[in-house]
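Chemist: One predicted model, sequence on top.
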Amino acid sequence: MRVGIVGAGKISAQYSQTLSRFPSLPVTAVADLSSSRAEALAAQHPGARVLTLDDLCASPDVDVVLNLTTPAGHAPVALAAIKNGKHVYGEKPLAPSLLLAESLLDAASSEGVRLACAPDTILGAGLQTALGVLDSGAIGVPHAATAFMTTPGHERWHPDPEFYYQPGGGPVLDMGPYYLTTLVHLLGPVRQVSGLSVRPQDTRLIGSGPKEGASFPVAVDTHTTGYLSHAGGAVTTVMFSFDTWAARLPHIEVYGASGTLSVPDPNRFDGDVEILTRADPAWTTVPWNAGYQPGGRGVGLADLAQAIEADTSHRTGADVALHVLEIMLALESGRPTDLTTTCTVPARMPRLTDG
């Protein structure tokens, strides 16, 4: 499948590195608002052309559009690609609103193309190992979980962080997809959500790059806490913060009838999986590195291509992304919400040793 990349910003380097491992996914075109960035990214892929968005979406040399734009661009770029009959794999979130996200799913269905959405870290060896431990029944039936994402803010390291603090950004919509997608895979869809949010700072300072020291406005809440009630009966406590300088909190823990599962950072493809049980009341690290494909941003695109070829479901489906988006918007709403969406939990990744 020939890939057209829209968006040549910071994250594109990680995708570009991963795609180089898959000769069956050649990059044939690049589009970006900055011609110099587009040219630099295209130069990493022999034969890739720099095109406008419209020309890339209409190009007969592009089969799937990899949408790496900022959150405000996710929906319009995806819709332009879909209307040209292209499959789409996009960065999260799927769209800034539920209505807009649903329109993307409807358009993809109408055009007969696939729509997929990050994160694909859930396909990595670390999280897949954690899912396998839970499936084995090692901690018994899970009844609760916690998930915490804490940082002082992305402006400390990102040279152009303003979009993280505009509508479509914030800690929930930016980092929530990693944690909430993992929780849906672990405990199933969510039926009810409640959350509270605050905005301690109205302005932020850029901490690196050519704009270091510049101030910019904050237009979204930056600390959110809440709870999720899963359809299967488990409950989860969550916190997403761009206002926490330090914390001693786990990324994700799952609590079962006979033990606890410690899940690695869902923003990574690896990390330690640990377990403590009634039979063995000491934390034990579960080996994860035997048999799974190496991770990297873009393995979800490879999974999408394989699923299209085999006519099976891809594991980064838009139904999960839509459900996670509704969870996030409900958390930010500040009121208890009964969700209207659900999703099918994707199949676990096969290990290489499974054939």
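Modeler: In hand now; what should we look at? Please read all numbers here as calculations on a predicted model, not as lab measurements.

Chemist: and the gap between the residue nearest the centre of the chain and residue 266?
Modeler: The chain has residue 119 as the residue nearest its centroid, 2.4 Å off, counting by Cα atoms, centre = their mean. Residue 119 sits 7 Å away from residue 266, taking Cβ to Cβ, to the nearest Å as the criterion. C-beta coordinates here come from the backbone N, C-alpha and C atoms, glycine included.

Chemist: Ok, residue 256 next?
Modeler: The value you get for residue 256 to residue 266, if Cβ to Cβ is used, is 19 Å.

Chemist: So which of the two has more stuff around it?
Modeler: Each of residue 256 and residue 266 has its neighbours counted (other Cβ atoms under 10 Å); residue 266 has more, 28 against 21.

Chemist: for the more buried one, helix, strand, or coil?
Modeler: Judged by DSSP: H, G, I helix; E, B strand; the rest coil, the three-state class of residue 266 is coil.

Chemist: Pull the contacting residues for it.
Modeler: Contact partners of residue 266, counting by Cβ atoms under 8 Å, 6 or more residues apart in numbering, are 119, 121-122, 127, 178-179, 181-182, 251-252.

Chemist: which ones are touching the residue nearest to the centre of the chain?
Modeler: Applying Cβ under 8 Å, 6+ apart, we find residue 119 in contact with 92, 177-178, 181, 266-267, 300, 316.

Chemist: Now the two most distant members of those.
Modeler: Within the contacts of residue 119, 267 and 316 form the most distant pair, 15.2 Å apart (Cβ to Cβ).

Chemist: Show me which of these two is the more surrounded one.
Modeler: residue 316 (26 against 15).

Chemist: quick one: the nearest residue to residue 323 once chain neighbours are set aside and residue 184, what's the gap?
Modeler: Leaving out its chain neighbours, the residue that sits closest to residue 323 by Cβ to Cβ, 6 or more residues apart in numbering is residue 343, at 4.2 Å. Note on residue 343: its distance to residue 184, by Cβ to Cβ, is 7 Å.

Chemist: Give the residues shared as contacts by these two.
Modeler: Common contact partners of residue 343 and residue 184 (Cβ under 8 Å, 6+ apart): 320, 323.

Chemist: More neighbours: which of the two?
Modeler: residue 184 (22 against 19).

Chemist: Is the more buried one in a helix, a strand, or coil?
Modeler: Going by three-state DSSP: residue 184 is helix.

Chemist: Residue 191 versus that one, what's the distance?
Modeler: In this view, residue 184 and residue 191 are 12 Å apart by Cβ to Cβ.

Chemist: now do residue 306
Modeler: Counting by Cβ to Cβ - residue 306 and residue 191 are separated by 32 Å.

Chemist: circling back to that earlier point, turn the contacts of residue 266 into TSV, including pLDDT and secondary structure.
Modeler: Shown next, in TSV, are these (pLDDT from 0 to 100; DSSP: H, G, I helix; E, B strand; the rest coil):
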residue	pLDDT	secondary structure
119	97	coil
121	96	helix
122	95	helix
127	95	helix
178	98	helix
179	98	helix
181	98	helix
182	98	helix
251	97	coil
252	98	strand
